[in-house]
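> structure for the following, please:
(chains A and B)
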Amino acid sequence: GAVVSQHPSRVICKSGTSVKIECRSLDFQATTMFWYRQFPKQSLMLMATSNEGSKATYEQGVEKDKFLINHASLTLSTLTVTSAHPEDSSFYICSARYTGERTEAFFGQGTRLTVV
Amino acid sequence: LAKTTQPISMDSYEGQEVNITCSHNNIATNDYITWYQQFPSQGPRFIIQGYKTKVTNEVASLFIPADRKSSTLSLPRVSLSDTAVYYCLVGDYTDKLIFGTGTRLQVFP
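So this is what the prediction gives:
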């Protein structure tokens, strides 16, 4: 299958700082990318959907000013957690879907964020 | 966006065939059915996708009845490494990818 690279895989930051997570589709172009967070023993919760060149669409309850998403090209989307707090600690996962009328999506390996 | 329902958990033994069924009563005409596998602390991995009847790849088979209101993921001769959470998603290429609870498969020796 196609490859989606997510970086970093693990990050520890201090409260109040910002953290950027990158998601790259390495061998295909992705018009649409999705960002999720996942708590232990729970399913993936969709945070936002981003389309290349346009603003992200956030799910209800997700603060767009806190979780900044940029999808500047067909192969790169970034999630920035601003002014991080301990409650933002979680596992963040990105997903990229093929351009065009294909429904398969591929996922990054995830980023474990710990805010201390 | 069709909602999916799966068993919360299943147990099996090595070498057995495992069938996980997903219900999606409100599936739309343009919707595909896709299954993903997730190991702890990893992103989900695409397993198989289908629209109707049967699809088979090197990893699994997907059975979809004519009414498409359900689907069954079949894993032949599971091993310990197949212990994971399996998610069934339904939608077309414009839909958001919404995950349900998934099925936690535990394979015992």
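
> hey, what's the residue nearest the centre of chain A bridged with?
Note on chain A: the residue nearest the mean C-alpha position is A:W35, at 3.6 Å, using CA atoms, centre = their mean. Partner residues in beta bridges with A:W35: A:A48, A:C94, with DSSP bridges as the criterion.

> in contact with A:A30, which residues are there?
For A:A30, the set of contacting residues under the criterion of CB atoms under 8 Å, 6 or more residues apart in numbering or on different chains consists of A:52, A:74-75, A:77, A:96-99. In this view, the C-beta of every residue, glycine as well, is placed from N, C-alpha and C.

> of those, which belong to strands?
A:77, A:96-98 (DSSP state E).

> wait, the residue nearest to the centre of chain A sits on A:L44?
No - assessed by CB atoms under 8 Å, A:W35 is found out of contact with A:L44, at 9.9 Å.

> all strands for the chain, in order.
I went with chain A, as the question did not name one. A:4-7, A:10-13, A:19-25, A:30-38, A:45-51, A:57-58, A:67-73, A:76-81, A:90-98, A:105-107, A:111-115.

> if you could check chain B rather than the one you did, that'd help
B:9-13, B:18-23, B:32-38, B:45-50, B:53-56, B:61-64, B:70-75, B:84-91, B:103-108.

> of these, which is nearest A:Y92?
Proximity to A:Y92, assessed across the strands of chain B by CB to CB, is greatest for strand B:32-38 (14.2 Å).

> let me have the strands of chain A in TSV, extended by mean pLDDT.
Rendered in TSV, the data for the strands of chain A read as follows (pLDDT from 0 to 100):
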stretch	mean pLDDT
strand A:4-7	96
strand A:10-13	97
strand A:19-25	96
strand A:30-38	93
strand A:45-51	93
strand A:57-58	95
strand A:67-73	91
strand A:76-81	96
strand A:90-98	93
strand A:105-107	91
strand A:111-115	97
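
> redo those strands as TSV? Include distance to B:T103.
As requested, the strands of chain A are arranged in TSV below (distance: least, CB to CB, whole Å):
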stretch	distance to B:T103
strand A:4-7	23
strand A:10-13	28
strand A:19-25	26
strand A:30-38	16
strand A:45-51	18
strand A:57-58	28
strand A:67-73	29
strand A:76-81	28
strand A:90-98	19
strand A:105-107	18
strand A:111-115	24
